[in-house]
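K.L.:
dropping a prediction and its sequence here:
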Amino acid sequence: MLGLYVHVPFCAAICNYCNFNRGLFQQELKERYVEAVCREIRLRARGVATDTIFFGGGTPSILEAEEIGAIIRACRDGFAVTADAEITLEANPEGVTEERLAAFRQAGVTRLSFGVQSFRDDELRRLTRLHSAHRAVAAFREARAAGFDNVSLDLMMWLPQQTVAEWLESVDALIELGPDHASLYMLEVYPNSPLREQMARAEWSVAPDDDVADMYLQSMERLDAAGYEQYEISNVAKPGLRSRHNLKYWTDGEWLGFGPGAHSTIDGARTRNVSSTTEYVDAVRPGGPLVAETRRLSSHDRMEEALFTGLRLSDGLSVDLVRAKFGIDLWTEFGAELQPFRDLGWLIYDEGRLRLTRAGMLLAHEIMTVFIRPAAGPSA
Ligand code: SF4
């Protein structure tokens, strides 16, 4: 089934580490954006079965519930959205109240994903986040009170000045709240980000690599013990509550992305919309210059991506499925290069599956480079 992604490019303030496609909230531009995104959905409608809608950003919860409702209606008009569709809204703790969240639910949202990042105020301040740890806890409780039974929380590890014990404090606070899903990411400090300059000025450092491995492994162990299932390198869920939308990205699925800078992968091609919100609102018209980039995906491209993303999953790759889709035997093709990782205990190959161990997940990128091979050229 198809997934729909809606990019909402507005934030109340810009965090010092952020490199997403976003800009500061402007009322008038926001109104033009909502009209444009509904228009885009209608222009690209195709009536096919669709079981997920994901509002990502930016800060989607900055929109009013009526606006979210109008976008969901446009999706329902243009696509055969299933009755039990997973409709996720990314939300920031500082911008919500129980009433606002109840209104989002009324508008059709079924799942919330809060960008908490840390349950320590000193860490949140270093990241220039607008919320406090107290507000994050309150937002989660408001979500429950508003009737949401599927709530995800995001945390980030490897923050400036963060120790292993401080990181685990946040993990314990999350477990104590008991969300249905959690995403644990490592902070990447980009070369030109204000955070990098701030770190240099304030002489903040990040934990050494061995500590990061500890952060990752110990948090996953605590989440295991609390009844969460790790299903992807960075994601855990209570049984039955994995993100159906994100699984499409990891299982060679198809999706349409609406909004500025949104990517789509469908019918063997990947496209990207224009990134600038002002250009986007003008470009959405029949024949308008909405698509900035189109790339046909060869079967080699698709296979390489399917191997990369599939190995991110705890279930790993099914040898039979890879053979059926791409006509290769995984182990015959890559076994010689993968065996050293197996010997180190980073990779398991049995029962027709190839999967990373938790220690291997820490080195996933290194292992995945095995799958990069030049595409076969045309025969002479
Ligand atoms: S709220 Fe999220 S998208 Fe917005 S600036 Fe901060 S990190 Fe970036």
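P.N.:
Now that the structure is in, tell me what you want to look at. Model, not experiment: these values are computed from the prediction. Numbering: from 1, shown residues only.
K.L.:
let me see the contact set for the residue of the stretch 101-250 of the chain found nearest the ligand.
P.N.:
With C-beta to the nearest ligand atom, the shortest gap between the stretch 101-250 of the chain and the ligand falls at residue 115, namely 5.8 Å. For the C-beta atoms, the positions are set from N, CA and C on the backbone; glycine is no exception. For residue 115, the contact set (C-beta atoms under 8 Å, 6 or more residues apart in numbering) comprises 90-93, 154.
K.L.:
from these, which is closest to the ligand?
P.N.:
Looking across these and measuring by C-beta to the nearest ligand atom, the closest to the ligand is residue 92, at 5.7 Å.
K.L.:
tell me the spatial nearest neighbour of the closest one, not counting adjacent residues.
P.N.:
Once flanking residues are discounted, residue 92 sits nearest to residue 59: 5.1 Å by C-beta to C-beta, 6 or more residues apart in numbering.
K.L.:
residues from this structure in reach of the ligand?
P.N.:
Contact residues, the chain versus the ligand (C-beta under 6 Å from any ligand atom): 11, 14-15, 18, 20, 22, 57-59, 92, 115.
K.L.:
just flag the most distant two among those.
P.N.:
Greatest spatial distance in the residues of the chain next to the ligand: 14 and 115, 13.5 Å, computed using C-beta to C-beta.
K.L.:
any idea which strand is longest in this protein?
P.N.:
In the chain, assigned by DSSP state E, the strand with the most residues is strand 80-91.
K.L.:
so which bits of it are buried?
P.N.:
Using 16 or more other C-beta atoms under 10 Å as the test for burial, strand 80-91 gives 81, 85-91.
K.L.:
over to stretch 103-122?
P.N.:
Buried residues in stretch 103-122, counted by 16+ other C-beta under 10 Å: 103-105, 107-120.
K.L.:
just stretch 184-201 next, same as before
P.N.:
184, 187, 189, 193, 195, 198-199.
K.L.:
what's the average pLDDT for it?
P.N.:
Stretch 184-201 shows a mean pLDDT of 96 in the predicted model.
K.L.:
likewise stretch 28-45?
P.N.:
The average pLDDT within stretch 28-45 is 98.
K.L.:
mind listing what's buried in that stretch?
P.N.:
29-30, 32-34, 36-41, 44.
K.L.:
pull the residues that contact that stretch.
P.N.:
So stretch 28-45 is in contact with 4, 6, 8-10, 62-63, 67, 70-71, 74-75, 77-79, 256, 258-260, 277-278, 280-281, 284-286, 290, going by C-beta under 8 Å, 6+ apart.
K.L.:
same thing with stretch 192-200?
P.N.:
16-19, 126-128, 160, 189-190, 204-205.
K.L.:
of the residues you listed, which is the most crowded?
P.N.:
Counting neighbours by other C-beta atoms under 10 Å, residue 17 comes out on top of those with 23 neighbours.
K.L.:
what's opposite the residue lying closest to residue 150 once chain neighbours are set aside in the beta bridge?
P.N.:
The spatially closest residue to residue 150, leaving aside those adjacent along the chain, is residue 111, at 4.2 Å (C-beta to C-beta, 6+ apart). The bridge-partner assignment for residue 111, based on DSSP bridges, gives residue 88.
K.L.:
quick one: secondary structure of residue 252?
P.N.:
Per DSSP: H, G, I helix; E, B strand; the rest coil, the local secondary structure of residue 252 is coil.
K.L.:
if I pick it, what's in contact with it?
P.N.:
Contacts of residue 252 by C-beta under 8 Å, 6+ apart are 302, 305-306, 309-310, 325.
K.L.:
whichever of those end up buried, select them in PyMOL.
P.N.:
Remark: buried members of the contacts of residue 252, expressed as a PyMOL selection using 16+ other C-beta under 10 Å:
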select buried, resi 302+305+306+309+310
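K.L.:
follow-up on the earlier one: quick check: the farthest pair among the buried residues of stretch 184-201?
P.N.:
Farthest pair in the buried residues of stretch 184-201, by C-beta to C-beta: 184 and 198, 23.4 Å.
K.L.:
where does the stretch 101-250 of the chain have low pLDDT?
P.N.:
Applying pLDDT under 70 to the stretch 101-250 of the chain flags no residue at all.
K.L.:
now do stretch 179-187: everything it contacts.
P.N.:
For stretch 179-187, using C-beta under 8 Å, 6+ apart, the contacting residues are 17, 113, 140, 149-159, 171, 174, 206, 212, 216, 219-220, 223, 228, 234-238, 241-243.
K.L.:
just those: which are in strands?
P.N.:
Checking these against DSSP E, those in strands are 113, 151-157, 235-237.
K.L.:
now the contacts of stretch 179-187: which count as buried?
P.N.:
For those, buried by 16+ other C-beta under 10 Å: 17, 113, 140, 150-159, 171, 174, 206, 212, 216, 219-220, 223, 228, 234-238, 241-243.
K.L.:
save the contacts of stretch 192-200 as a markdown table, and put in distance to residue 331 too.
P.N.:
Output for the contacts of stretch 192-200, formatted as a markdown table (distance: C-beta to C-beta, whole Å):
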| residue | distance to residue 331 |
| --- | --- |
| 16 | 45 |
| 17 | 40 |
| 18 | 41 |
| 19 | 37 |
| 126 | 46 |
| 127 | 43 |
| 128 | 48 |
| 160 | 42 |
| 189 | 38 |
| 190 | 37 |
| 204 | 45 |
| 205 | 42 |
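K.L.:
name the nearest of those relative to residue 315.
P.N.:
Once C-beta to C-beta is applied, the member of the contacts of stretch 192-200 that ends up nearest residue 315 is residue 19, at 30.1 Å.
K.L.:
so the residue nearest to residue 92 touches residue 9, yeah?
P.N.:
No - the pair residue 59 / residue 9 is not scored as a contact, 9.1 Å apart, by C-beta atoms under 8 Å.
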